[in-house]
Structure formats: C-alpha cells, structure tokens
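*Asks:* the following comprises the amino acid sequence and a computationally predicted model.
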Amino acid sequence: MRKLVALLLVFLGNFLFASEQLMPNGMNPETYKINTTWGVILFFFWPILIIIAYKFIEFTLKKSGLEKDL
Amino acid sequence: MAMDMSMLEWARAQFAMTALFHFFFVPFTLGMSFIVAFFETIYVKTGKQEWKEITQFWQLIFAINFALGLSTGIIHEFEFGTNWATYSWFVGDIFGAPLAVEGIVAFFMEATFAAISFFGWKRVSKGVHLASSWLLAIGSNLSALWILIANGFMQHPSNAFLKVDIDTSRAVMTNFWALITQPVAQVKFLHTISAGYTLASVFVLGISAFYLLRGKHVEFAKKSAAVAAAFGLVSSIFVAVIGDDHAYEVTNTQPTKIAAMEGLYVGEKGAGIVAIGIPKNLPASEVSSNDQAWVFKIEIPHLLSILGKHSFNAYVPGLKDLIDGNPQYGIWPLSKLEKIGAEARADLLAYHEAKARGDQAAMEKAKNDFYSVVWSGDGVKLTKSDLIGYGFFKGKNPDLIHPPVPPVFFSFHIMVGLGFWFIILFIWAWIAVVKGSFENSKLLQQLAVLSVPLPWIATSFGWMTAEIGRQPWTVFGLLPTAESATPIALANVQATFFMFLTAFVILGIAELKILFTVVKHGPKGAH
C-alpha cells in the first residue's frame, strides 16, 4: 500500500512539477530514462483487460436474458 | 553507403505493402482468438450445444485468417535480409533478440495449440480443448508483444539498453530487461492488441447484424452480437485510454513525429490539437508561424500540452524548433547535432584505421572521443556515439529530418475519428442488446454492417502514423532509413515487389472468397 501511494505521489508530482528542460534533440529526459517499473505495470493491464472483458460479457448475457446459466 | 533513392523508395514500398497486407490479418487474429476462447468458455460453463456451434463457426473464420496471417509474416523476416541488410547488420543484436524469442516461445506456442484447438474437438477432453483455445489466444498475443518490443526499440532506442560498439561498429544490447519493459513498447503492445479486439468485435457484430437483417440464424446472431458488443465496448474504450498514454510516450520520445501528427511547425506553450483541418505540405524551415501552415483548422487549445506533457501550459516543440533549435528549452540546432554525429563517424573511422596500424594510443584517443559526453541532465548522459545517426544528414537539406506532415496528420486523425465512432457504435449496440432491441433496430444493424471494413482502415492508418511518422529514421535518431537498405540492383527489388503484389492479390481474393462462402453458409455444420 505504501509503495502504491509513493508511486501515485511520484506520478502526481511529475504532473505538477514536470521539468520543461528538454534534451538537445527535443526528447524529454524523464522518458529517455527507461521506467521499467511502469513498463511492467503496463504489461499487466493486458490480463486485467481480458478478465474484465470476460466478466462484462457474462454480465451482458445475464442482463439481456440471452444466457442465464452462467 | 547511401542508397540510390529510387532503389530505397522501391524497398520501402515493398516493405509497406507487405506490412499493410500482413496487418490485415494480425489484428483480426489478436481479437478473434480471444472471442473464440470466450465463446468456448461459455459453452463449457453452460454445457449447451448452441454455444459449441457458435464457437465452431467463429473459429472457422478465425482459422482461415490465421493461416494467411502466419504466411505473410514470414515474408517480412526475409525482407530484413534481402532489402534491409544494413539495418539487420547494424541493429541485429538488439532487434533479433525479441524476434527470436517470438519465434521460439510465442510462435511455437500458438502453432501447437492452434492444431489442438482447430482439429482436436473430437480428440481431446473439453477441458484440454478449452485450455488449448486460451493458450492459442495468449500465444498469438504474446507474438504481438515481442514484435512490438522490437518495434518499440526502433521508435525509442535509448542508451539505457544499447550502445554503439566501437569495435564492431554495430549497436549492441546492454540491458535486455530495459529493452522489453520500456513503456514505449508496452504501450504500443496494449494499443495494438486492444485495437485488434475492437476490430474483431466490429466484425462479429457486423456479421451478426447481417444475419439479423436477412432474418437468418437469429438466435446465433443475437448471442454473437451480445458477446461482440460487450467485448467491443470494453476494448474500444481501452484503446482510447491507452492511446492517451501512447500520445504521451510519442510526445516525449519522438518530437518530430508528434509535431507532424499535429501539424505543429512552431513550438508552443499550451499547444492545442487540431480537431479538423487541412495542413499544407511545407518544409518546416520555411514556416514562420503555425497559421501559415494550414488551409483551415479548428483547434482545441491546450489539449496537446495536456495529453502530451500532462501539463496545461507545457511547451511542445515544433518542427522548426527541432531544426533551428530553441535555447530556452535546451534544444540544439540540427546543425550542431549533425556536426557531433559527423565527429562520431570520424572517430569510428579513426579507431579502425588505428586498429589496422596497431596504434594503441590512437585507438584509445578515438575511443575516448567517441564515448565522450556531449550533454548531461536529469540523470541522462548523451555521448557522441548516441548522436552518430545525425552525422549522416550533415550538409543535406535540414527538412529531411522530419516526416511529411499531411500523410502523418491525416493517418492519425482518421484513426482517432474512427476510434470514437467504434465507441459510439458499441455503446449503442450494448444498450440495444441489454434492452433486447438489437434484433429490431434496423438502423443499428445497417450501421454495424457498414462498419465492418472501418477498423481495418483505422488500424492501417494507425500503423502508417507510427511508421511514416518515424521517418527519416528506421531506428529513431540512430539509423537513417536511407542508410538501412541493402545495396542491391533496383531490378531485384522491383521484381520481388511485383511477385509479392501478385501473390497478395491472389491470396486476398482467395481469402475473401472463402470468407464470404463461410458467412453465406452460416453457422450450421460449420465445423
């Protein structure tokens, strides 16, 4: 939980106090450094999306009355 | 060695043609594999035969597409060797790794479980078959993950995971974990797969609506439409949400691409997004104000700064800033980047000449110069070697450094516009399904049928935004496209271009003919 709050604070801090100094080629140094933690979190959006999608399909079939036995 | 431009253009045209043809099948596979797994799960949970028939019908359509998707993808692998050998030689150590993992892990996984899922209905138990269908879907999507990790590297080759090795004159990987977890790649993966889910959902919804309009296979169509509407609604919203993060990554890692996507010639604080407009095709070096670059435009103020920089008033550099420089924000003039890039090339040459002479002192000096830090800030260090790609542009037209604005702008905006249409379509369809009115809503059914080709247009334009927007680089900021091709005779590329074109036309016609035959026949006895 503490880690989650810390991550959220870093995200919000970045939002509010983002540096405007860019790299010589116009890139943002913050994204040039690779945030592997965020990359891993992003990856897990995929299985979460699939689970939510399937649950929503079941909900839709029940709610519409097309399939009650789920 | 710089290529003859006509040979280069033919090689690019061939790759674009192959990629676009391949990409007709890829998103469909990504989405249909999961739709089939969903249908089969419902069948196994309810034990009802009608769900088995639904599963088998959509699986048949998926299987037709799957075979062509695989075969067209293999052509790409050969093109890297035949037409893009310099690229393959220079970045093969990095680009090849995710491709190899894709081949060994994901490709074999999907191929193995495809066999059980397609042909094992009477040969394995229900549970094993269901697991195979899920593993086929997961394997297909994992294939996309590794391909997009490779593509993510081409979009954002950070020195956090690579360096140009002075001994081999090639780019080498220094951190595999950073390569595979870099957010640019992961966001591309999520955006691409969810676009595939949306595409497959539009297809299933459209074909179901087609049956309802004809009054055929009504129960089958209603159930298929319900699953498609639910999956499509979740996926189309997710595409937009993750698309926002994608825009953030592009803005901060590929400034020329985002500037071309939004027709931003002169950088602005609180930059807006052009909702509708027609940009002129102008060289950025000749533009002095953004208004000069448009036939007309309707702009939403500040939106680009909010989406791209997560700040209401943040500065977003324009194409002109990236050529002339902007000292206020730390951007160097292109001429300075080119000079340093040219020095890096000279250091590389000096190192190898010294090596040939056996002159250790000269080798050491060239190496130190090559890896000397030319900029540092916010925990990032750039060495001369990181800017070597700019050296190839020294003395050339500075406008070569950015992609053409109109094709990138239109590709991006058509994709976004269609994306919003899919959200509206799925909200409408889902409400109709839940209320039980989908069966009688002729207008909605007609719109669903007419929408079937649209996601293919959207995904193709999305791909064009990514790839044309990356120009003039194959590996952004590191390797120019003009330096990536194989020095072979023009006739070779032209001959294979027309061979592939002929094959694609024949395969495309065959695919559509089989697809129409299956749809016309309907779900009864589909397997």
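*Replies:* Alright, I've got the coordinates.

*Asks:* drop to CA atoms for contacts and neighbour counts, all remaining ones
*Replies:* Will do.

*Asks:* what segments of chain B are strands?
*Replies:* B:162-165, B:170-173, B:268-269, B:273-279, B:294-300, B:315-316, B:373-377, B:380-383, B:473-475, B:479-480 (DSSP state E).

*Asks:* quickly list the domain ranges of chain B.
*Replies:* B:5-257+B:400-521, B:258-324, B:327-399 (automatic domain parsing).

*Asks:* now do chain A
*Replies:* In the recorded assignment (automatic domain parsing), chain A comprises A:1-33, A:42-70.

*Asks:* mean pLDDT lowest where, among those domains?
*Replies:* Confidence, taken as mean pLDDT, is least for domain A:1-33 of those (a mean of 73).

*Asks:* save the domains of chain B as CSV, and put in distance to chain A and mean neighbour count too.
*Replies:* Listed next are the domains of chain B as CSV, based on distance: least, Cα to the nearest Cα, whole Å; neighbours: other Cα atoms under 10 Å in any protein chain shown:
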stretch, distance to chain A, mean neighbour count
domain B:5-257+B:400-521, 4, 20
domain B:258-324, 6, 20
domain B:327-399, 4, 18
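
*Asks:* including mean pLDDT, could those domains go into CSV?
*Replies:* Below are these laid out as CSV (pLDDT from 0 to 100):
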stretch, mean pLDDT
domain B:5-257+B:400-521, 94
domain B:258-324, 92
domain B:327-399, 96
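
*Asks:* which stretch among the ones you listed comes nearest A:T37?
*Replies:* domain B:5-257+B:400-521 (7.8 Å; Cα to Cα).

*Asks:* give me the nearest residue to B:G377, chain neighbours excluded.
*Replies:* Nearest residue to B:G377, sequence neighbours excluded (Cα to Cα, 6 or more residues apart in numbering or on different chains): A:P29, at 7.4 Å.

*Asks:* same check on B:S484?
*Replies:* Closest to B:S484 by Cα to Cα, 6+ apart is B:Y87, at 4.4 Å.

*Asks:* touching, the one you found and B:A485? I think so.
*Replies:* Yes - using Cα atoms under 8 Å, B:Y87 is in contact with B:A485, at 6.6 Å.

*Asks:* tell me which stretches of chain A form helices.
*Replies:* A:2-17, A:29-32, A:36-43, A:45-64 (DSSP state H).

*Asks:* dump the last one to PDB, restricted to CA.
*Replies:* Think helix A:45-64. Taking Å, rounded to 0.1, in the frame of the first residue of the first chain, the C-alpha atoms of helix A:45-64 are listed here in PDB:
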ATOM      1  CA  PHE A  45      -3.000  -4.200 -17.900                       C
ATOM      2  CA  TRP A  46      -3.400  -6.900 -20.600                       C
ATOM      3  CA  PRO A  47      -4.600  -9.800 -18.400                       C
ATOM      4  CA  ILE A  48      -6.700  -7.400 -16.400                       C
ATOM      5  CA  LEU A  49      -8.400  -6.200 -19.600                       C
ATOM      6  CA  ILE A  50      -9.100  -9.800 -20.700                       C
ATOM      7  CA  ILE A  51     -10.600 -10.700 -17.300                       C
ATOM      8  CA  ILE A  52     -12.700  -7.500 -17.100                       C
ATOM      9  CA  ALA A  53     -13.900  -8.100 -20.700                       C
ATOM     10  CA  TYR A  54     -14.900 -11.700 -20.000                       C
ATOM     11  CA  LYS A  55     -16.800 -10.700 -16.800                       C
ATOM     12  CA  PHE A  56     -18.500  -8.000 -18.700                       C
ATOM     13  CA  ILE A  57     -19.600 -10.400 -21.400                       C
ATOM     14  CA  GLU A  58     -21.100 -12.700 -18.700                       C
ATOM     15  CA  PHE A  59     -22.800  -9.700 -17.200                       C
ATOM     16  CA  THR A  60     -24.200  -8.700 -20.600                       C
ATOM     17  CA  LEU A  61     -25.500 -12.200 -21.400                       C
ATOM     18  CA  LYS A  62     -27.200 -12.400 -18.000                       C
ATOM     19  CA  LYS A  63     -28.600  -8.900 -18.100                       C
ATOM     20  CA  SER A  64     -30.000  -9.300 -21.600                       C
END
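
*Asks:* which ones are touching the most centrally placed residue in chain B?
*Replies:* Nearest to the mean C-alpha position of chain B, by Cα atoms, centre = their mean, lies B:W463 at 4.5 Å. Listed by Cα atoms under 8 Å, 6 or more residues apart in numbering or on different chains, B:W463 has no contact partners.

*Asks:* now it: how far from B:V433?
*Replies:* 32 Å (Cα to Cα, to the nearest Å).

*Asks:* what of B:D167?
*Replies:* On the measure of Cα to Cα, B:D167 and B:V433 end up 64 Å apart.

*Asks:* what do you get for B:S71?
*Replies:* B:S71 is 37 Å from B:V433, by Cα to Cα.

*Asks:* before we move on, what about B:F25?
*Replies:* Distance from B:F25 to B:V433, by Cα to Cα: 28 Å.

*Asks:* who are the contact partners of B:T55?
*Replies:* Counting by Cα under 8 Å, 6+ apart, B:T55 has contacts B:36, B:39-40, B:43.

*Asks:* change it to 7 Å
*Replies:* B:36, B:39-40 (Cα atoms under 7 Å, 6 or more residues apart in numbering or on different chains).

*Asks:* could I get the phi/psi values of B:H156?
*Replies:* Backbone torsions for B:H156, taken as degrees, to the nearest 10, come to phi -140, psi 80.

*Asks:* got the contact list for it?
*Replies:* B:253, B:476.

*Asks:* shouldn't B:S194 be in contact with B:V239?
*Replies:* Yes - counting by Cα atoms under 7 Å, B:S194 touches B:V239, with 5.6 Å between them.

*Asks:* CA atoms only: put stretch B:379-398 into CSV for me.
*Replies:* C-alpha atoms of stretch B:379-398 as CSV (Å, rounded to 0.1, in the frame of the first residue of the first chain):
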residue,chain,number,x,y,z
GLY,B,379,20.2,11.7,-14.9
VAL,B,380,20.8,11.2,-18.6
LYS,B,381,24.1,11.3,-20.4
LEU,B,382,24.5,11.6,-24.2
THR,B,383,27.7,10.7,-25.8
LYS,B,384,28.9,11.5,-29.3
SER,B,385,28.2,7.8,-30.2
ASP,B,386,24.5,8.3,-29.3
LEU,B,387,24.2,11.0,-31.9
ILE,B,388,26.0,9.2,-34.7
GLY,B,389,22.9,9.0,-36.8
TYR,B,390,22.7,12.8,-37.2
GLY,B,391,26.1,12.7,-38.9
PHE,B,392,24.5,11.2,-42.0
PHE,B,393,22.4,14.3,-42.5
LYS,B,394,25.4,16.8,-42.4
GLY,B,395,25.3,19.0,-45.4
LYS,B,396,21.9,17.9,-46.5
ASN,B,397,18.5,19.7,-46.7
PRO,B,398,17.5,20.2,-43.0
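
*Asks:* hmm, who's touching that stretch?
*Replies:* A:29, A:33, B:164, B:323, B:337-342, B:344-345, B:370-376, B:477-480.

*Asks:* check contacts around the residue nearest to the spatial centre of chain A.
*Replies:* Nearest residue to the geometric centre of chain A (Cα atoms, centre = their mean): A:L42, 5.2 Å. A:L42 is in contact with B:186-187, counting by Cα under 7 Å, 6+ apart.

*Asks:* how far does the biggest helix by length in chain B sit from its chain's centre?
*Replies:* As assigned by DSSP H, the longest helix anywhere in chain B is helix B:5-46. In terms of Cα atoms, centre = their mean, to the nearest Å, the gap separating the centre of helix B:5-46 from the centre of its chain is 11 Å.

*Asks:* re earlier: I figured the residue nearest to B:S484 hits B:P487, correct?
*Replies:* No - taking contacts as Cα under 7 Å, B:Y87 lies outside contact range of B:P487: 11.4 Å.
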